[in-house]
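S.K.: Starting from these lines, generate the structure:
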Amino acid sequence: MLSQSPELADILSEALNISRSRALTLLESKSTRVMKYKDLRYITLRRDVAGHYEGTVVLIRGGEYRVVEGYPHIKRVLLLSVAVPRHFIDEVIVEEKMDGYNVRVVEFAGRILALTRGGFICPYTTHKINIKYREGVKRLLEELGDEPVIVGEVVGMENPYTRYHYPEAPEWDYFIFDLYRGGEPVPVGERLELVNKHGLKSVPIHGRFHKNDWRSIEEVVRGLEELGREGVVLKDPGYRVEPLKYTTSYINIRDIREGMKYPFDEGHTFIFPRVLRQMFKAVEESWSLEEIKRVSAQLGEAILVPAIESIKTYINEGKLVEEFILTFHDPEVLEDFLSYSASLGIPLTIVSIDRGEGLMKVRIQKPKRTPDYYKRILKTGISPLD
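M.R.: Purely as a prediction, here's the structure:
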């Protein structure tokens, strides 16, 4: 097995600055996952280890390796009026938090690679980055120099993870929100200049405010609320303190609605954190009784309606699957992506392939665990939860 390789233990020990015995223990535990991509091997951390974040990746080819640190967790604000003045030093930059999936882009052994938040090389995302932005990404990484990492959000409807329609990115695109050089984040102003210089895209910036002007930040959030956008990330211009994030009511309720389509997969973990956000938003913004009732109705509908519809779909069709469309320029990448998903325990099914103009539009179904619970409940009439 790959995970039992003495060579891997030596590399992991050196890469993480831990003892060889601890490296061997990690490789044989659920704390790491050893994977392959083309001519590369890599080890991903599935939890924080020795000061390295979950999602940290050790890329390996031959005797050469590189560590790509996991992306740090961003704390969530429940009360803007309390958190912003207390947390920040003076000024706050308000960036838009886009609704997609976090991707780190690096170059290793001559390849431009796209790493998911969990620390896996996604063949599909790597393919799309190389097709659309390869030259700009290469130039940016070269200019950054020391252990460069690009971090951004993939958004659009043609992705296998989180699909939400953006007018500026209806199918697929990549918006950068961080650059790292030598393990440290590049100041926001410099980052914007570098991204623009190399023909790449940044997440939208919605203003720069004094930390005590939290009401202006609240106004930005209200504007995003009206547009049905996700929220904001609040950053110190020079990263002297850690960023914070804050989401809109719209996205809190929409996430519950989407999660409750598959209640035993995502729904139950989606509900309470998002209800908590709404609770404190209502208090901070002094919602009227009428507003509380309006949002409560939306919340209740988001919980029950999609769940009831999913039960009926299972009863009528005997299955319940997530379906999405991906676009490929190369059949080999499709095979790589299917193999990658299977290696993660996610067997995908191709429903159809439409070919034209050098592209393959592939309709794919992803299985869910929820139907197994529905089957058991409908057979026994007994709850699996209590």
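S.K.: Next, residue 47: phi, psi?
M.R.: Torsion angles at residue 47 (phi, psi; degrees, to the nearest 10) stand at phi -160, psi 170.
S.K.: if I look at the nearest residue to residue 151 once chain neighbours are set aside, how far off is residue 185?
M.R.: For residue 151, ignoring the flanking residues on the chain, the nearest one in space by Cβ to Cβ, 6 or more residues apart in numbering is residue 178 at 3.9 Å. (Each C-beta comes from the backbone N, C-alpha and C, glycine too.) Noted for residue 178: a distance of 6 Å to residue 185, by Cβ to Cβ, to the nearest Å.
S.K.: quick one on the thing from earlier: and the residue nearest to residue 151, how many neighbours?
M.R.: Residue 178 is flanked by 22 other residues according to other Cβ atoms under 10 Å.
S.K.: hang on, it in a strand?
M.R.: Yes. Under DSSP: H, G, I helix; E, B strand; the rest coil, residue 178 sits within a strand.
S.K.: Verify the stated contact: it with residue 153.
M.R.: No. Applying Cβ atoms under 8 Å, one finds residue 178 not in contact with residue 153, separated by 10.2 Å.
S.K.: so where do the strands sit in the stretch 201-350 of the chain?
M.R.: 205-210, 231-235, 244-247, 321-328, 349-356 (DSSP state E, counting those that start in this stretch).
S.K.: Same list (the ones you listed) but as TSV, adding mean neighbour count.
M.R.: Formatted as TSV, those follow (neighbours: other Cβ atoms under 10 Å):
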stretch	mean neighbour count
strand 205-210	16
strand 231-235	25
strand 244-247	21
strand 321-328	17
strand 349-356	11
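S.K.: between these, which gets nearest to residue 381?
M.R.: Closest to residue 381 of the strands of the stretch 201-350 of the chain is strand 321-328 (Cβ to Cβ; 24.7 Å).
S.K.: all helices for this protein, in order.
M.R.: 6-16, 20-27, 80-87, 123-144, 188-197, 214-226, 249-259, 268-284, 289-317, 331-343, 370-380 (DSSP state H).
S.K.: I'd like to know which elements the first one is packed against.
M.R.: This means helix 6-16. Applying 3 or more Cβ pairs under 8 Å, 6 or more residues apart in numbering; DSSP states H and E, one finds that helix 6-16 makes contact with helix 20-27, strand 40-45, strand 57-61, strand 64-68.
S.K.: In CSV: those, plus mean neighbour count and distance to residue 137.
M.R.: Output for the helices and strands packed on helix 6-16, formatted as CSV (neighbours: other Cβ atoms under 10 Å; distance: least, Cβ to Cβ, whole Å):
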stretch, mean neighbour count, distance to residue 137
helix 20-27, 17, 31
strand 40-45, 22, 18
strand 57-61, 23, 16
strand 64-68, 18, 14
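S.K.: Need these in TSV (columns: mean pLDDT).
M.R.: Formatted as TSV, the helices and strands packed on helix 6-16 follow (pLDDT from 0 to 100):
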stretch	mean pLDDT
helix 20-27	94
strand 40-45	97
strand 57-61	97
strand 64-68	96
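S.K.: Mind putting these into TSV with distance to residue 164?
M.R.: TSV is the format used below for those (distance: least, Cβ to Cβ, whole Å):
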stretch	distance to residue 164
helix 20-27	36
strand 40-45	26
strand 57-61	26
strand 64-68	26
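S.K.: Looking at those, which is nearest to residue 268?
M.R.: If we rank the helices and strands packed on helix 6-16 by Cβ to Cβ, the stretch that ends up nearest is strand 40-45, at 26.4 Å.
S.K.: Just checking: what are the partner strands of the closest one?
M.R.: Here strand 40-45 has these sheet partners by DSSP bridges: strand 32-37 (antiparallel), strand 57-61 (antiparallel).
S.K.: Just the CA atoms of it, as PDB, please.
M.R.: Extracted C-alpha coordinates of strand 40-45, given in PDB (Å, rounded to 0.1, in the frame of the first residue of the first chain):
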ATOM      1  CA  LEU A  40       2.300  12.700  -8.700                       C
ATOM      2  CA  ARG A  41       1.600  11.300  -5.300                       C
ATOM      3  CA  TYR A  42       0.300  13.400  -2.500                       C
ATOM      4  CA  ILE A  43      -0.600  13.200   1.200                       C
ATOM      5  CA  THR A  44      -3.500  15.300   2.500                       C
ATOM      6  CA  LEU A  45      -4.200  16.000   6.200                       C
END
